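Peer 1: Build me a model:
(2 chains)
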Amino acid sequence: MKKTLIAAMASTILAGSVLTATAEEIKIGVLLGFTGALESLVADMGPGAELAIKEISDSGLFLDGTTVKAIRGDTTCTDAAIATAAAEKLVTADGVKAIVGGDCSGVTGAALQNVARPNGIVMISPSATSPGLTTAEDDGLFFRTAPSDARQGKIVADILMGKGVKKIALTYTNNDYGKGLSDSIEANFKAAGGTVTIKSAHEDGKGDYSAEVGALAAAGGDVLVVAGYLDQGGKGIIQSAIDTGAFETFYLPDGMVGDALPAAIGEDLNGSYGAAPGTDSPGAAKFAKMATAAGFKAGPFAPESYDAAALILLAMQAAGSSESSKLKDKVFMVANAPGEKIYPGELSKALKILSDGGDIDYEGGSAVELIGPGESAGNYREIAIENGKLITVGYR
Amino acid sequence: MDILNSLVLLANYIFVPGLTYGCQLALGALGITLVYGILRFSNFAHGETMSFGAMFSILFMWLFQSWGISIAPLPTVLIALPFGILCTIAWVLFCDKAIYKFYRTKKAPPVIFLIASTGLMFLMAGVIRFIIGPRDQTVSDGARFIMRAREFKEMTGLDEGLAIKTSQAITVIATIIIVTLLFWFLNKTLTGKSMRAYSDNEDLALLSGINPDRVVMYAWVITAIIATVAGTLYGLDKSYKPFTFLQLLLPIFAAAIVGGIGNPLGAVVGGFVIAFSEITVTYAYKKFYAYLTPESWHSDGLLQLLSTDYKFAVSFVILVVVLLIKPTGIFKGQSL
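Peer 2: Coordinates of the predicted model:
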């Protein structure tokens, strides 16, 4: 038994060293909340990132035929210690060259400070939207294909004011995302001359939201803004508010926009409205088709996940190296103009242009345009619920 | 009129939701308490057992829906419930045989059981996500409301609405039936009496010829029935999502301990204590107060004792206070 164990260990070590020596395969970490509060969204985000990785790996054009393998790590969305440990494992044990992730803002910040910066690993998050991450120390290693919620707060205030709403009640999911977004909404809405009657947090995954809704109803308001998650507390709040007749109209920020919500709540949600990152660029439709073919949905943040993975690998190609220290300087170059526009499914074309020394302007599934310290400028799709269906009203 | 309005307000935001939530916690706590009374360990896998039962009820519900069977206006899941219960019974008996029996014959200390049940909890959480997936599933169909808030306002002419959902009525009725049956079973039948004897004093019960294997089996069967009903009703009222059952475990344990763990009556009372304290302490009484006082007294404040952020803290404070003053719980615990 002991001998076989030693033999097995020796062979794995040998095999490992052979792999690193020839360097024909590199690894990319996909650090998302596969379990926990965001697990139902990540069910589409994970495959989204892996789709881009597979597309590039299979093209044979990436860094002289290098193949790429995705390694998953679980952030749990809420537990910073677990997320840090998962990131640590990806970097030190699996030896990933860069990370797609994390998903929720809190764990993303933790993984960035504790693992990515000390090890010099690039992280591109598809869904961390907290304004706090804009100013976080990142040594130029952190990017995101999702816009900061500072921008979303402005959009929310604009839409509400445009509808003549003057008084809102505001509830947010109790984490970095909810806090950041609700602060931004409150500031923008007040600046536009509106009143926020109450701003209270709710916890996700709770059994019952009667207490939260009771407090919100007592404070009152024309519209209830629910800065939460559509399959978590946010949905629980809306359900409970409708059940008790506390509110009839809801504003739905990005975390709440999805077909699952009207499907679950039914006709009572008619007349509510909101906005989520989205674009009418040709990339979005292309990505949706590819996702269906690959067996997952182009759900919220799935195109952003695809784009995050694609950006990392295209930046590697532009840098001619898979090292984070080199690729981090190329992310802006591949993401922004000038250059040839690249949409989902055209990654091999992009690889070819880059290896020929050309320049690309990666649009992807979410019309990527990086601004500031490396975050998406943010295109928003304004939606409304009519006849139990989510319909697109316009783009901002 | 204002007094009526204020009462309807409290009924709508405190009494009806509190009653439903209390029933849900009470059913969960009953399962914990039964396992604790007979098998003498805290079953951390209970939340997942509820989830497991609810999952099977939903799977059967989908089957019936595809066959076009419905009992409208009642939700379809009610006819799927017995099948879900059977599957859950089979599962818990299998778990008992595969895991707990081994430790029971070794007379392992309770903490070993507790750790084993924690392991089982994670295993079941994985199995559930594997079978039905992590996504939210809507369980309710049929008529959603008995009375809508708007209808109530039109009917009575009051400013405040009172909404009663079908699922809330079903939850309360089902809880009454289950609790009555359980108490009848424990107090009147021979098997029930032998279970209480076993719970009171294991050695004496063994001496008087009670078969321990049967008692343990019955305890698991009853637990499985209650857990499935609790999980399914919960899914019916809110919606079914595997993730919530881990969160639900906390208030359920709090309810069982506050009431007196091992005491079925305590579990029921504990459920309502936890549910109502969570809601009453964090409710904003602004509107209620506004109805009862002249307008010049009104303020912009919310008149909220504690922010809803502290909802969980409320259950824990009650738990700590009860354990300090009366460690056995409101009703004397540790016996059936």
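Peer 1: Contacts only, for residue A:245.
Peer 2: Going by C-beta atoms under 8 Å, 6 or more residues apart in numbering or on different chains, residue A:245 touches B:12, B:148-150, B:161, B:163. Bear in mind the C-beta positions are built from the backbone N, C-alpha and C, glycine included.
Peer 1: Now the buried members of those residues.
Peer 2: Among those, those that count as buried by neighbour count (16 or more other C-beta atoms under 10 Å in any protein chain shown) are B:12, B:148-149, B:161, B:163.
Peer 1: Tell me which two in those are the farthest apart.
Peer 2: Greatest spatial distance in the buried ones among the contacts of residue A:245: B:12 and B:148, 11.3 Å, computed using C-beta to C-beta.
Peer 1: and the helix or strand of chain B with the lowest mean pLDDT, which residues are buried?
Peer 2: Every helix and strand in chain B was compared by mean pLDDT, DSSP states H and E; the lowest is helix B:286-292, with a mean of 80. Within helix B:286-292, the residues that count as buried by 16+ other C-beta under 10 Å are B:286-291.
Peer 1: Tell me which residues are up against that helix.
Peer 2: Contacts of helix B:286-292 (C-beta under 8 Å, 6+ apart): A:217-220, B:2-3, B:5-6, B:9-10, B:298-299, B:301-304.
Peer 1: make it 10 Å
Peer 2: Contacts to helix B:286-292, defined as C-beta atoms under 10 Å, 6 or more residues apart in numbering or on different chains, come from residues A:197-198, A:214-215, A:217-220, B:1-10, B:13-14, B:159-160, B:285, B:297-304.
Peer 1: Give the ChimeraX command for selecting the buried subset of those residues.
Peer 2: Here is the ChimeraX command that picks out the buried ones among these, judged by 16+ other C-beta under 10 Å:
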select /A:197,198,214,215,217,218,219,220 /B:5,6,7,8,9,10,13,14,160,285,302,304
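Peer 1: Just the contacts of helix B:286-292: which are in helices?
Peer 2: Secondary structure assignment by DSSP state H places A:214-215, A:217-219, B:2-10 of the contacts of helix B:286-292 in helices.
Peer 1: Out of the residues you listed, which is nearest to residue A:339?
Peer 2: Nearest to residue A:339 out of those is residue A:219 (C-beta to C-beta; 50.7 Å).
Peer 1: check contacts around the residue lying closest to that closest one once chain neighbours are set aside.
Peer 2: Closest residue in space to residue A:219, ignoring its immediate chain neighbours: residue A:198 at 3.5 Å, by C-beta to C-beta, 6 or more residues apart in numbering or on different chains. If a contact means C-beta under 10 Å, 6+ apart, then residue A:198 has A:168-171, A:215-221, A:224, B:284, B:286, B:302, B:304, B:307 as its contacts.
Peer 1: In the stretch 101-250 of chain A, what residue comes closest to chain B?
Peer 2: residue A:245 (2.5 Å; C-beta to the nearest C-beta).
Peer 1: Which pLDDT value does the model give that residue?
Peer 2: pLDDT recorded at residue A:245 is 84.
Peer 1: where does it fall, phi/psi-wise?
Peer 2: Note on residue A:245: its backbone torsions stand at phi 70, psi 20 [degrees, to the nearest 10].
Peer 1: Kindly report the same for residue A:384.
Peer 2: Per-residue torsions, residue A:384: phi -140, psi 160 (degrees, to the nearest 10).
Peer 1: With residue A:270 instead?
Peer 2: Dihedral angles (degrees, to the nearest 10) for residue A:270: phi -50, psi 140.
Peer 1: try residue B:239
Peer 2: The phi/psi pair for residue B:239 (degrees, to the nearest 10) is phi -170, psi 160.
Peer 1: before we move on, what about residue B:17?
Peer 2: Taking degrees, to the nearest 10, you get phi -60, psi -40 for the backbone angles of residue B:17.
Peer 1: count of residues packed around the closest residue to it other than its chain neighbours?
Peer 2: Counting by C-beta to C-beta, 6+ apart, residue B:17 lies nearest to residue A:210, which is 3.3 Å off, once chain neighbours are set aside. As a burial measure, residue A:210 scores 27 neighbours (other C-beta atoms under 10 Å in any protein chain shown).
Peer 1: doesn't residue B:165 make contact with residue A:210?
Peer 2: No. Between residue A:210 and residue B:165 there is no contact under C-beta atoms under 10 Å: 11.9 Å.
Peer 1: any shared contact partners between these two?
Peer 2: In terms of C-beta under 10 Å, 6+ apart, residue A:210 and residue B:165 are both contacted by the residues A:243-244, B:16-17, B:20.
Peer 1: Those residues in helices, which ones?
Peer 2: Mapping these onto helices (DSSP H) picks out A:243-244, B:16-17, B:20.
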